[in-house]
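Colleague: give me the fold of what follows.
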Amino acid sequence: MRALVWAVVVTVVGLPSHAFIPDPETIARAAAKENREAKRAEVLQLDITARRLTADAAQATGTLLASPDSRARLILRHEKGFEERQLRRSGGISAARDGRLLDRPHPLLPPYWVLQARSGNRLLSQLAELGGDPGRIAMGYDGAHDCYVLGGKTAVSFWVDQDDLSIARIDVAGGVTYRVGPALGPEKGLRVPSWIEIEAPGLPAMRIEVLRARVIEAPAGAFHPDWLQASGE
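Modeller: Below is the predicted model:
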């Protein structure tokens, strides 16, 4: 797919590919195609565990629910006995612990819908919703990944791996970074990242690991703010 992206650039500009960075629309379309082929462009339920990167064992278990329409929620049951819920709707994140709202939650819940966008236009609009610039693109390196960086190297950006055109990293406001692990799942079935690592200023680095994933129909009110302080699932 990487060769195809560069071929498009060469065709459009008629000049050597090594001299150019592809336009944001081309990379966004390729990343969205990968989302569709992985069958993630549906409402998903993920059974997960969470732990500090420095810990060997899981410290919490729970469920992450994500919708392509810029909504996601997370429920975690901690080994110490409390339950925490987090909700993302477009750019904002809210949380409650045992029914009490939190002022500054650890941002464990990524904007998972970035991994579910069905089209390049939708992916770029999601970047704008989070505060990024959909008209900018740069090159970047993150660990083993050589990336196209949608939004440029700014506070809000999507890092797209040059080789498989999957989203490898999501940066959001507040200096929070979500690094996306390799795929979990069959080659031609539902594929989701096997883990997501979270780095936030002043907070311990965390890792969410996925045990199982499936497509569901979201229950009524699944992403309503009242869910944060409700009882039951």
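Colleague: quick one: end-to-end distance for stretch 85-100.
Modeller: Start-to-end span of stretch 85-100 (C-alpha to C-alpha, to the nearest Å) is 10 Å.
Colleague: quick one: low-confidence parts of this protein?
Modeller: Confidence mapping of the chain against pLDDT under 70 gives the ranges 1-19, 91, 232-233.
Colleague: can we see that at 80?
Modeller: Across the chain, the ranges flagged by pLDDT under 80 are 1-20, 90-91, 187, 231-233.
Colleague: what's the longest helix in it?
Modeller: helix 24-37 (DSSP state H).
Colleague: buried sites along that one?
Modeller: Neighbour counts over helix 24-37 (16 or more other C-beta atoms under 10 Å) mark P24, E25, T26, I27, A28, R29, A30, A31, A32, K33, E34, N35 as buried. The way it works is simple: take the backbone N, C-alpha and C, and place the C-beta from them, glycine included.
Colleague: tell me how far the ends of stretch 38-58 are from each other?
Modeller: With C-alpha to C-alpha, one end of stretch 38-58 sits 27 Å from the other.
Colleague: relative to D69, how far out is the residue lying closest to R100 once chain neighbours are set aside?
Modeller: Once flanking residues are discounted, R100 sits nearest to Q229: 7.9 Å by C-beta to C-beta, 6 or more residues apart in numbering. Q229 sits 23 Å away from D69, going by C-beta to C-beta, to the nearest Å.
Colleague: so which strand or helix has the residue lying closest to W159 once chain neighbours are set aside?
Modeller: Spatial nearest neighbour of W159, chain neighbours left out: R169 (3.7 Å); criterion: C-beta to C-beta, 6+ apart. Assigned by DSSP states H and E, R169 falls within strand 167-172.
Colleague: each with direction, which strands does that strand pair with?
Modeller: The strands beside strand 167-172 in its sheet (DSSP bridges) come out as strand 157-161 (antiparallel), strand 176-180 (antiparallel).
Colleague: and it with helix 24-37, angle?
Modeller: 120 degrees (axes from the mean of the first three to the mean of the last three C-alpha atoms, to 10 degrees).
Colleague: picking up where we left off before, which ones are touching the residue nearest to R100?
Modeller: Contacts here follow C-beta atoms under 8 Å, 6 or more residues apart in numbering; on that basis Q229 touches A96, G99, R100, L101.
Colleague: what about these, which are in strands?
Modeller: The strands, defined by DSSP state E, take in A96, R100, L101 from the contacts of Q229.
Colleague: is it true that A218 touches P68?
Modeller: No - using C-beta atoms under 8 Å, A218 is not in contact with P68; the gap is 10.8 Å.
Colleague: any idea how far R36 is from W195?
Modeller: R36 is 22 Å from W195, by C-beta to C-beta.
Colleague: show me what contacts I167?
Modeller: A31, E34, V114, L115, F158, W159, V160, D161, V180.
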